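# can you look at this prediction? I've put the sequence above it.
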Amino acid sequence: MSTISLKVEFGGGLELLFDNQRSHKLTLPARVPLDNSTSSPPSSPPSPQNNEYEGETKPVDVAYLVHWLRHHLLKERAELFMEGDTVRPGILVLINDTDWELEGEGEYVIKNGDEVVFIST
Amino acid sequence: MPRLCALCATQRPILKRPKTGQQICKTCFFHVFETEVHNTIVEAQLFQPGDRVAIGASGGKDSTVLAHVMKTLNDRYNYGLELFLLSIDEGITGYRDDSLETVKQNQKEYNLPLKILSYNELYGWTMDSIVEAVGRKNNCTFCGVFRRQALDRGAAMLGVDHIVTGHNADDVAETVLMNIMRGDIARLGRCTAICTKGEDTIKRSKPFKYTYEKEIVMYAYFKHLTYFSTECIYSPDAYRGHARSFLKLLEAARPSAIIDIIYSGEACEVSEEATKELKERKTCKRCGYMSSNDLCKACTLLEGLERGMASAGITDRGRKQLEASGPAPDGLRTIPFFQMNAQSPSQSAPDDGRDSAPPMPAVVGVEAG
């Protein structure tokens, strides 16, 4: 499969930055640019052209997801969600109900059907 | 081979504890979280059986989890406490009305009596009107001072012996940093006390003093507790925000920093020289609440608001302006006189809680030494 479907949830007030929607269903390409660039948004339904990137790629991971959310879903005040290359300190991330620190943080490779939750403290 | 919980070695771990770095499962997490709060309460000897205790409830994550845990521990360990929910309505439209709805929900969920006290009925001003008069820079000072008194008055109305608030380890560490950064020695000496007690004020404790904010959020999430979580609309420029950002960076680099800062704060003893400059505690001439000066802070702030000189009590210039305008005219709105109920025997000796500060309670699940 060349795309991954996942569910993303926001809590602790973060949903306000994302159109006040707590729950989002996303589809991301299975392989993404190494540098986390998100310039070509995946279209739906996915077509072969859009899901293959030129150049160095990696399997889609949480680090990419964070960049993707910032560029495509975040409506305002990016500095409250991201700081530098990762989530702002003070935001907890859970992957399938498990602390992301136990799953490799940004390096965790997302599987089909995964659920990622972002909670602001 | 799948990872197993560091404590029970039977279930899959779901969390890495910032305090200890241990990877533990959901069941063990609930257990250590609740047991450590219980240990904190027991070692600091916070309660006596029969105590009437008011839980300062804002509808936010800390006070919601506090209400849940206090009720759980009271039942589990037979503390014998009578619990109440006490909420303060500062009059911030869109923020406080929503969070009060959450408190009302908590009341039903935990079946505890609830009292709501508003700034409007106590002082005649809402935070909305204060911010209109004062602007957004010093409004937090008003709110903090007014809320502290409001909690005491609400507790006196309920006839409770003790107030508990949801201040967590992150909050206490932030306060230590803030007081250092502002050179506030008097507060630095007091702010790490788990229980503050005075002749004219109700005992006030922080059972979550050693509980990390991250664990409170995780506990609420895994227990599916509902809470209200939006930043106060008036607070973005508050000084505490700087201390908080700094603390979060420190925590990211070394998670035990939070508990270590509290430890440093506890170990700080104010030098003799500095003590001489500290003001003696007296009572306010106008409302009877505790004060370092003739008029307590709340009365000073209120007089400033009523006389259109809102910065009196905040800046030196404002204070001089107020003094220069002569005494307060008759008929100005003031805060009703505050009288503590008759003291119970346990409260006869006033102290600030520091002399008998117990050592930090043991962390559950980690061998000592």
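That came in fine, so what should we check first?

# how about the residues of chain A by chain B?
A:11-13, A:16, A:89-90, A:92, A:94, A:97-99, A:101-102, A:117, A:119-121 (C-beta under 8 Å from any C-beta of the partner chain). All C-beta atoms are positioned from the backbone trio N, CA, C, and that covers glycine.

# among those, which ones are in helices?
Within the residues of chain A next to chain B, no residue falls in helices by DSSP state H.

# and these, which of them are buried?
For the residues of chain A next to chain B, a neighbour count by 16 or more other C-beta atoms under 10 Å in any protein chain shown gives the buried set as A:11-13, A:16, A:89-90, A:92, A:94, A:98-99, A:101-102, A:117, A:119-121.

# residues contacting whichever residue of chain A sits closest to chain B?
Nearest residue of chain A to chain B, counting by C-beta to the nearest C-beta: A:Pro89, 3.8 Å away. Shown in contact with A:Pro89 (C-beta atoms under 8 Å, 6 or more residues apart in numbering or on different chains): A:Glu83, B:Ser245, B:Lys248, B:Leu249, B:Glu251, B:Ala252.

# pLDDT weak spots in the stretch 51-200 of chain B?
B:95-96, B:198-200 (pLDDT under 70).

# brain fart, chain A
A:1, A:40-54.

# in contact with B:Val42, which residues?
B:Pro361.

# buried stuff in whichever helix or strand it is part of?
Assigned by DSSP states H and E, B:Val42 belongs to helix B:26-43. Using 16+ other C-beta under 10 Å as the test for burial, helix B:26-43 gives B:26, B:28-41.

# do stretch A:79-93 as well
For stretch A:79-93, by 16+ other C-beta under 10 Å, it's A:Leu80, A:Phe81, A:Met82, A:Glu83, A:Thr86, A:Val87, A:Arg88, A:Pro89, A:Gly90, A:Ile91, A:Leu92, A:Val93.

# circling back to that earlier point, of the buried residues of helix B:26-43, closest to B:Arg12?
Distances from B:Arg12 to these, taken as C-beta to C-beta, are shortest for B:Lys26 (8.9 Å).

# show me where chain A has helices.
Counting by DSSP H, the helices of chain A are A:48-51, A:62-72.

# not counting its neighbours along the chain, what's nearest the residue in chain B positioned nearest to chain A?
Scanning chain B for the residue nearest chain A gives B:Lys248, at 3.8 Å (criterion: C-beta to the nearest C-beta). Closest residue to B:Lys248 apart from its sequence neighbours, by C-beta to C-beta, 6 or more residues apart in numbering or on different chains: A:Pro89 at 3.8 Å.

# related to what we said a few turns ago, check the buried residues of helix B:26-43 and tell me the two furthest apart.
B:Lys26 and B:Ile41 (23.2 Å).

# wasn't B:Ala220 part of a strand?
No: B:Ala220 sits outside any strand when classified using DSSP: H, G, I helix; E, B strand; the rest coil, being helix.

# show the pLDDT at it.
Note for B:Ala220: predicted pLDDT of 95.

# equivalent analysis for B:Pro350, please.
B:Pro350 is given a pLDDT of 37.

# again, but for the one 5 residues further on
B:Asp355 is assigned a predicted lDDT (pLDDT) of 41.

# return the residues of chain B in contact with chain A.
B:3, B:12-16, B:23, B:61, B:213-214, B:217-218, B:221-222, B:229-231, B:244-245, B:248-249, B:251-252.

# buried only: go through the residues you listed for me.
B:13-16, B:23, B:61, B:213-214, B:217-218, B:221-222, B:229, B:244, B:248, B:251.

# report the two of those residues separated the most.
B:Pro13 and B:Arg244 (28.3 Å).

# report the buried residues of the longest strand along chain A.
As assigned by DSSP state E, the longest strand anywhere in chain A is strand A:3-11. Residues of strand A:3-11 classed as buried by neighbour count (16+ other C-beta under 10 Å): A:Thr3, A:Ile4, A:Leu6, A:Val8, A:Glu9, A:Phe10, A:Gly11.

# list the neighbouring strands of it plus their orientation.
Sheet pairing for strand A:3-11, assigned by DSSP bridges, gives strand A:23-29 (antiparallel), strand A:115-120 (parallel).

# just the buried residues of the longest one, please?
Translated: strand A:23-29. A:His24, A:Leu26, A:Leu28, A:Pro29.

# compute the inter-axis angle for it and helix A:62-72.
Here the directions of strand A:23-29 and helix A:62-72 differ by 110 degrees (axes from the mean of the first three to the mean of the last three C-alpha atoms, to 10 degrees).

# for the longest helix belonging to chain B, name the packing helices and strands.
Ranked by residue count under DSSP H, the longest helix found in chain B is helix B:139-158. Helix B:139-158 sits against strand B:52-56, strand B:82-89, strand B:114-118, helix B:119-123, helix B:127-134, strand B:162-164, helix B:297-306, with contacts defined as 3 or more C-beta pairs under 8 Å, 6 or more residues apart in numbering or on different chains; DSSP states H and E.

# mind listing residues that contact the next helix or strand after the first one?
In this case it means strand B:52-56. Sequence order places helix B:61-77 as the next helix or strand after strand B:52-56, per DSSP H and E. When contacts are defined by C-beta under 8 Å, 6+ apart, helix B:61-77 is touched by residues A:12, A:121, B:33-34, B:37-38, B:41, B:53, B:55-57, B:79-81, B:83, B:85, B:102-103, B:106, B:110, B:112, B:164-168, B:171, B:207-208, B:213, B:216-217, B:219-220, B:223, B:225-227, B:229.

# now helix B:61-77: buried residues?
Applying 16+ other C-beta under 10 Å to helix B:61-77 flags B:61-74 as buried.

# got the phi and psi for the residue nearest to B:Lys248?
phi -60, psi 140 (degrees, to the nearest 10).

# what's near enough to touch B:Val160?
Neighbouring residues of B:Val160 by C-beta under 8 Å, 6+ apart: B:Arg52, B:Val53, B:Ala54, B:Phe84, B:Leu86, B:Ile202.

# that one should be in a helix, yeah?
No: using three-state DSSP, the assignment for B:Val160 is coil, not a helix.

# next, it: phi, psi?
phi -100, psi 160.

# roughly how far does the residue nearest to B:Gln22 when sequence neighbours are not counted sit from A:Glu101?
In space, B:Gln22 comes closest to B:Ala6 once its chain neighbours are excluded; the distance is 4.4 Å by C-beta to C-beta, 6+ apart. Per C-beta to C-beta, to the nearest Å, B:Ala6 is found 14 Å from A:Glu101.

# tabulate the buried residues of strand A:23-29 (TSV), appending distance to B:Lys297.
What follows is the buried residues of strand A:23-29, written out as TSV (distance: C-beta to C-beta, whole Å):
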residue	distance to B:Lys297
A:His24	46
A:Leu26	51
A:Leu28	54
A:Pro29	59
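
# put the alpha carbons of the longest helix of chain B into PDB.
C-alpha atoms of helix B:139-158 as PDB (Å, rounded to 0.1, in the frame of the first residue of the first chain):
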ATOM      1  CA  ASN B 139      -4.500  42.400  35.900                       C
ATOM      2  CA  CYS B 140      -3.200  39.100  37.100                       C
ATOM      3  CA  THR B 141      -2.000  40.700  40.400                       C
ATOM      4  CA  PHE B 142      -5.600  41.800  41.100                       C
ATOM      5  CA  CYS B 143      -7.000  38.400  40.300                       C
ATOM      6  CA  GLY B 144      -4.500  36.500  42.400                       C
ATOM      7  CA  VAL B 145      -5.000  38.700  45.400                       C
ATOM      8  CA  PHE B 146      -8.700  38.800  45.200                       C
ATOM      9  CA  ARG B 147      -9.000  35.000  44.600                       C
ATOM     10  CA  ARG B 148      -6.900  34.200  47.700                       C
ATOM     11  CA  GLN B 149      -9.200  36.200  49.900                       C
ATOM     12  CA  ALA B 150     -12.300  34.900  48.200                       C
ATOM     13  CA  LEU B 151     -11.200  31.300  48.800                       C
ATOM     14  CA  ASP B 152     -10.700  32.100  52.500                       C
ATOM     15  CA  ARG B 153     -14.100  33.700  52.800                       C
ATOM     16  CA  GLY B 154     -15.800  30.900  51.000                       C
ATOM     17  CA  ALA B 155     -14.200  28.400  53.200                       C
ATOM     18  CA  ALA B 156     -15.200  30.400  56.300                       C
ATOM     19  CA  MET B 157     -18.800  30.400  55.000                       C
ATOM     20  CA  LEU B 158     -18.700  26.700  54.600                       C
END
